[in-house]
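1. Need the 3D shape of this:
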Amino acid sequence: MQMPKLEFTMQNKQLESHQFQSMAVVMKPGSTNKLRKSLLITAVIIVAMMFLPWTQNIKGEGLLTSLRPDQRPQTIQSIIPGRIEKWYVREGERVQKGDTIMQISEVKDDYFDPNLLLNTKDQITNKEASVDGYMKKISALDRQIDAMSEGVRLKLLQQENKVKQSALKVQSDSVEYSVFASNAKIALDQYNRFLELFTKGLKSETELEQREIAMQTARSKEVESMNKLSIARQEYTNANTELSSIKQDFRDKISKAESEKFSTLSTLYDTEAQVTKLQSQFAGYTERLGNYFITSPVDGFITRAIQSGVGETLKEGAELMTIMPANYELAVEMYIKPMDYPLIQQGQKVRFIFDGWPAFVFSGWPGASSGTYGGVVVAIDNFTNAKGEYRLLVAPDKEDVPWPSGIRVGGGARGFALLNDVFVGYELWRQFNGFPPNFYDAHKPEEVKK
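-> Now for the predicted structure:
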């Protein structure tokens, strides 16, 4: 069939289509209809793909770690300063809990004494003997105070009886003095009457002299009884004074004994404090001897020696080596952006690709992916790291395929946190607009209603 001729005018010149090979190829009969059909089929396929289901997900990078903090790599430190004397392990070697890893020696001159424990023990024994001596002295002082109390009680009782006797004597002498004073007054009255009668001549001088003698005798007995009464009163005063003196002397002796007792108690308490301090030092010295041998805290593998050589000096708390526990539960530390943080919750499913393990992944079609492993979110941090990302701790999904046995702590992992199922068209529209994933729980309204 002969192709129709097309004419083009350019600068007053005619061009015919058969003169150009490319135009002849393109302008074959029916090519336009085929192009239209191809474009239509392609458009239908693209529109159909827009309605395919797509599982929204949140991507994040992470590192393998252990689920429990005590199963993660850790450093072994020296509790005391020292000097490296001997190594018992090498890097990569497996050790059991309690195995000796390193021996160090003392570097502080306070602990250079080879008989430090023995000397400290002797000091404790001597101080304990001093404490026993002080306790015995206190017991002796207590007995002395009790004896003085009993002695002064008897002495006070005796003196009180003496005071009572003196009071009774004063009372008796006072009655006797009253009698003699009355007799002296009567004798004086009689003498005056006889003197008057003698003046009138009714009585003789002899009778008057007898009355004068009787009066003098009565006066003498009155003076004698008055002196006796004065002596009794003085004895009563002296007895009271002696009673007060006994009480004061007792108080002085008791105060002195109690003062000595309290002084001894103070010394006793001070010595007991010294004993306690020495015992604490002895326990510290004993514990320090055990720290000369660095042992493994867990069953694991020596990964790297931070300190090396023999004779190197270590500071207190210096890191010696790192150890990886032999038994651990793997987990992944996954980091997500703050925009995705509200969409994550504990128990959410996550798919992982581990470094070094081949995988064929469609992030939106987890069922069509191959070489991925399941995980479950077990912990979510409430604060961001230095990069402004939130950390998720994801444990293996027990309902999924077990994680590879060859992965190790510290390896890399890429995670996909699975959210809601949407159409591909919606997901493309969301990605173009930079919106967060459309996450919602279909059962949430019912739970809220309940």
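2. mind checking how far the biggest helix by length in the chain is from the chain centre?
-> When the chain is parsed with DSSP state H, its longest helix is helix 205-290. Put simply, helix 205-290 sits 57 Å off its chain's centre (CA atoms, centre = their mean, to the nearest Å).
3. now do stretch 110-128
-> Computed by CA atoms, centre = their mean, the chain-centroid distance of stretch 110-128 equals 31 Å.
4. Need the contact partners of that stretch.
-> Contact with stretch 110-128 is made by 106, 271, 274-275, 278-279, 281-282, 285-286, 288-289, as judged by CB atoms under 8 Å, 6 or more residues apart in numbering. Yep, even glycine has a C-beta here, placed from its N, CA and C like the rest.
5. which helices and strands sit right next to the longest helix of the chain?
-> Here helix 205-290 touches helix 116-199, going by 3 or more CB pairs under 8 Å, 6 or more residues apart in numbering; DSSP states H and E.
6. now the helix it packs on and helix 205-290, what's the angle there?
-> On the basis of axes from the mean of the first three to the mean of the last three CA atoms, to 10 degrees, helix 116-199 is oriented at 170 degrees to helix 205-290.
7. okay if I get the contacts of stretch 110-128 as CSV plus neighbour count?
-> Below are the contacts of stretch 110-128 laid out as CSV (neighbours: other CB atoms under 10 Å):
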residue, neighbour count
106, 17
271, 20
274, 15
275, 18
278, 19
279, 16
281, 15
282, 17
285, 17
286, 11
288, 17
289, 13
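8. quick one: average confidence on stretch 354-369?
-> Mean pLDDT, stretch 354-369: 62.
9. Equivalent analysis for stretch 191-199, please.
-> 80.
10. Can you give the distance from it to the centre of its chain?
-> Worked out by CA atoms, centre = their mean, stretch 191-199 lies 114 Å from the chain centre.
11. Next: stretch 165-179.
-> That offset, for stretch 165-179, works out to 82 Å (CA atoms, centre = their mean).
12. Pull out the buried positions in it.
-> Across stretch 165-179, burial judged by 16 or more other CB atoms under 10 Å covers 166-167, 169-170, 173, 176-177.
13. so which of these comes closest to residue 244?
-> The nearest member of the buried residues of stretch 165-179 to residue 244, counting by CB to CB, is residue 166 at 14.0 Å.
14. one step back: so after the longest helix of the chain, what's the next helix or strand?
-> strand 293-295 (DSSP states H and E).
15. What strands flank that following strand, and is each parallel or antiparallel?
-> strand 100-105 (antiparallel) (DSSP bridges).
16. For the contacts of stretch 110-128, give me JSON lines that also has distance to residue 402 and pLDDT.
-> Shown next, in JSON lines, are the contacts of stretch 110-128 (distance: CB to CB, whole Å; pLDDT from 0 to 100):
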{"residue": "106", "distance to residue 402": "50", "pLDDT": "87"}
{"residue": "271", "distance to residue 402": "67", "pLDDT": "90"}
{"residue": "274", "distance to residue 402": "63", "pLDDT": "91"}
{"residue": "275", "distance to residue 402": "61", "pLDDT": "91"}
{"residue": "278", "distance to residue 402": "59", "pLDDT": "90"}
{"residue": "279", "distance to residue 402": "55", "pLDDT": "91"}
{"residue": "281", "distance to residue 402": "55", "pLDDT": "89"}
{"residue": "282", "distance to residue 402": "54", "pLDDT": "89"}
{"residue": "285", "distance to residue 402": "52", "pLDDT": "86"}
{"residue": "286", "distance to residue 402": "48", "pLDDT": "88"}
{"residue": "288", "distance to residue 402": "47", "pLDDT": "86"}
{"residue": "289", "distance to residue 402": "47", "pLDDT": "85"}
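17. Select, from those, the two members most distant in space.
-> Of all pairs in the contacts of stretch 110-128, the most separated under CB to CB is 106 and 271 at 29.8 Å.
18. which SS state does residue 297 fall under?
-> Assigned with DSSP: H, G, I helix; E, B strand; the rest coil, residue 297 falls in the coil class.
19. Residue 95 is in contact with that one, correct?
-> No: using CB atoms under 8 Å as the test, residue 297 is too far from residue 95 to be in contact (9.9 Å).
20. what is in contact with these two at once?
-> Counting by CB under 8 Å, 6+ apart, the contacts common to residue 297 and residue 95 are residue 323.
21. quick one: which of the two has more around it?
-> Between residue 297 and residue 95, counted using other CB atoms under 10 Å, the more crowded position is residue 95 (20 against 15).
22. separation between the more buried one and residue 219?
-> Remark: distance between residue 95 and residue 219 (CB to CB, to the nearest Å) = 123 Å.
23. How is the protein partitioned into domains?
-> Domain segmentation of the chain under automatic domain parsing yields 1-50, 55-70+328-449, 73-106+292-325, 116-290.
24. and these, which one is worst for confidence?
-> Across the domains of the chain, domain 1-50 gives the lowest mean pLDDT, at a mean of 61.
25. just how off-centre is stretch 73-86 within its chain?
-> On the basis of CA atoms, centre = their mean, stretch 73-86 sits 25 Å off its chain's mean C-alpha point.
26. contact partners of it?
-> 101-108, 288, 291-292, 294, 296-298, 303, 306-307, 309-325, 409-410.
27. mind running it again at 6 Å?
-> The contact list for stretch 73-86 (CB atoms under 6 Å, 6 or more residues apart in numbering) reads 103-105, 107, 291, 310, 312-324.
28. Go ahead and build a ChimeraX selection from the buried members of those.
-> Listed next is the ChimeraX selection for buried residues among these, using 16+ other CB under 10 Å:
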select :103,104,314,318,320,321,322,323,324
